[in-house]
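Asker: Compute the structure for the input listed below.
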Amino acid sequence: MGQNFACATINGGTALKCWGSNNLGQCGDGTFQDRLTPTSVIGLDGGGGIKLFASGQGHSCAFMKSGKLKCWGSGSYGRLGNGLQVKTSTPVDVLGIDGTSDAVDLLAIGEAHSCVSMMSEKVLCWGNNDRGQLGDGTKTQRSSPVELSQSLGGPVETLALGQYASCAKMRATLFVKCWGHNGFSVVTADGTTADKPSPFTQDLGGPVRLLRLAGERICVTLVDGPLKCWGINEVGYPRTGNVGEGTKTAVTTPTEIRVDGPVARLELGAFNALAILDDGTLKGWGYNAYGQALFDGTTAEALTPTTAGSMGGAIATFAIGDYMGCAFLTTNVLKCYGRGIIGDGQDRRTQATPAVVRL
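Answerer: Residues are numbered from 1 along each chain as shown. Here you go, the predicted model:
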């Protein structure tokens with residue numbers, strides 16, 4: 001899920017369709033025209049199918065079963081990894097990742113940077129690095145993949161990227177290591193605010209089960225523990241609390257967010273969040289001007305987790321972006337909601353309840 005566009009793999013990952021804003025080539029269809037309905041990404045055939053996929057603010061990447069990593073969309077800051085800084089409406093190969101000597105295990109995209117965790121346990125990043133979010137010990141922009149300045153010490157289980165920061169949850173210890181912009185203590189989780197251009201191990205009071213990062217906000221659930229979030233807590237127009245603890249003031253230490261039950265699944269957008277509890281209850285919070293937090297027909301902000309609307313069926317997977325969200329149901333129906341082009345053939349300001357999108 002990008003800023004104003006979305007994508008979905010179809011037919012078991014043999015194809016990919018995108019829709020929404022396309023001024024930067026985000027839809028990957030060879031044009032720069034907005035797409036009101038899902039359109040096929042071209043140039044991915046011959047790769048044996050899509051194994052991993054991720055989207056950022058204005059670009060997307062797909063790791064193919066052939067071993068190649070391909071990206072498209074905005075090329076600013078070198079975020080496509082092809083050595084250039086120009087936008088492209090068709091997929092291009094990321095330099096140095098072709099499956100010949102190492103393979104991608106995890107893929108994540110932030111606002112304007114990308115990272116992969118390799119089977120060899122290396123983590124490579126590229127793109128914008130003005131806050132040290134590439135983790136190479138510098139703040140130098142990179143248009144092709146570079147390694148972190150230090151080894152993370154083992155395989156990565158979860159890789160999560162935000163606007164100016166990156167985090168990894170380690171597979172063996174379940175500890176979290178982060179790097180990049182620390183203005184709201186997203187990286188260090190200890191109230192300090194100095195940027196960290198190299199990986200920093202957080203002290204969260206125990207091993208972590210779920211890790212999510214978006215914008216300048218981070219959330220974790222501890223093993224057999226509560227949901228905790230911290231980071232920036234406002235949107236400029238209007239100021240809107242999105243950490244979930246009930247205020248509009250920045251939160252610089254991990255703070256428990258009460259969702260009234262164990263969290264089974266969690267996703268963050270830049271300004272809102274959605275949790276699915278073990279009993280299936282949907283809880284949303286944050287900026288809701290377009291119905292993107294609660295999708296229940298309302299547009300008032302939610303400073304704390306609030307029971308969200310119904311999707312009309314059980315959710316298999318879901319994703320949320322800056323102003324929209326989508327859920328794929330177990331009945332093979334895709335529904336989206338929020339602002340702008342949600343994929344149902346219309347371009348509207350607000351769709352505050354889920355609408356069916358036909359792939």
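
Asker: going forward, measure contacts and count neighbours with C-alpha atoms only.
Answerer: Will do.

Asker: Check Asp296 and give its pLDDT.
Answerer: pLDDT for Asp296: 97.

Asker: How about it, nearest residue that isn't a chain neighbour?
Answerer: On the basis of CA to CA, 6 or more residues apart in numbering, the spatially nearest residue to Asp296 that is not a chain neighbour turns out to be Gly309, at 4.2 Å.

Asker: any idea how far Gln133 is from Tyr323?
Answerer: 24 Å (CA to CA, to the nearest Å).

Asker: what about these two, which has more around it?
Answerer: Gln133 (40 against 27; other CA atoms under 10 Å).

Asker: Roughly how far does that one sit from Gln202?
Answerer: 16 Å.

Asker: quick one: contacts for the residue nearest to Asp296?
Answerer: Gly309 makes contact with Leu282, Leu294, Phe295, Asp296, Gly297, Thr353, according to CA atoms under 8 Å, 6 or more residues apart in numbering.

Asker: Would you check which pair of those lies furthest apart?
Answerer: Leu282 and Gly297 (14.8 Å; CA to CA).

Asker: When these two are compared, which one has more neighbours?
Answerer: The residue with more neighbours, out of Leu282 and Gly297, is Leu282; 22 against 16, by other CA under 10 Å.

Asker: So in terms of bridging, what pairs with the more buried one?
Answerer: Ile276 (DSSP bridges).

Asker: Pretty sure Ala275 is one of the things it touches, is it not?
Answerer: Yes: at 5.9 Å, Leu282 and Ala275 qualify as touching, with contact defined as CA atoms under 8 Å.

Asker: how about Glu157, what does it touch?
Answerer: Contacts of Glu157 (CA under 8 Å, 6+ apart): Ala168, Lys169, Met170, Arg171, Leu174.

Asker: mind running it again at 7 Å?
Answerer: Going by CA atoms under 7 Å, 6 or more residues apart in numbering, Glu157 touches Lys169, Met170, Arg171.

Asker: related to what we said a few turns ago, can you convert the contacts of Gly309 into CSV and add a column each for secondary structure?
Answerer: Output for the contacts of Gly309, formatted as CSV (DSSP: H, G, I helix; E, B strand; the rest coil):
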residue, secondary structure
Leu282, strand
Leu294, coil
Phe295, coil
Asp296, coil
Gly297, coil
Thr353, strand
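
Asker: per-residue confidence at the residue nearest to Asp296?
Answerer: Predicted confidence (pLDDT) for Gly309: 97.

Asker: so how far is Asn182 from Ala54?
Answerer: 24 Å.

Asker: again but with Gly231, I slipped
Answerer: 9 Å.

Asker: Those two: which has the busier surroundings?
Answerer: Using other CA under 10 Å as the criterion, Gly231 and Asn182 rank with Gly231 on top: 29 against 26.

Asker: what's the spacing between Thr252 and Gly191?
Answerer: From Thr252 to Gly191 the distance is 5 Å (CA to CA).

Asker: Among the two, which residue is more densely surrounded?
Answerer: Higher neighbour count among Thr252 and Gly191: Thr252, with 24 against 17, using other CA under 10 Å.

Asker: Quick one: mean pLDDT over the helix or strand harbouring that one.
Answerer: Taking DSSP states H and E as the criterion, the element that holds Thr252 is strand 251-256. Here strand 251-256 scores 96 as its mean pLDDT.

Asker: repeat for stretch 319-333
Answerer: pLDDT averaged over stretch 319-333 gives 95.

Asker: For that stretch, list every residue counted as buried.
Answerer: Under the neighbour-count criterion of 16 or more other CA atoms under 10 Å, stretch 319-333 has Ala319, Ile320, Gly321, Asp322, Tyr323, Met324, Gly325, Cys326, Ala327, Phe328, Leu329, Val333 buried.

Asker: Adding distance to His59, write these out as JSON lines.
Answerer: Compiled in JSON lines, the buried residues of stretch 319-333 are given as follows (distance: CA to CA, whole Å):
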{"residue": "Ala319", "distance to His59": "16"}
{"residue": "Ile320", "distance to His59": "15"}
{"residue": "Gly321", "distance to His59": "13"}
{"residue": "Asp322", "distance to His59": "14"}
{"residue": "Tyr323", "distance to His59": "16"}
{"residue": "Met324", "distance to His59": "16"}
{"residue": "Gly325", "distance to His59": "17"}
{"residue": "Cys326", "distance to His59": "18"}
{"residue": "Ala327", "distance to His59": "21"}
{"residue": "Phe328", "distance to His59": "22"}
{"residue": "Leu329", "distance to His59": "25"}
{"residue": "Val333", "distance to His59": "25"}
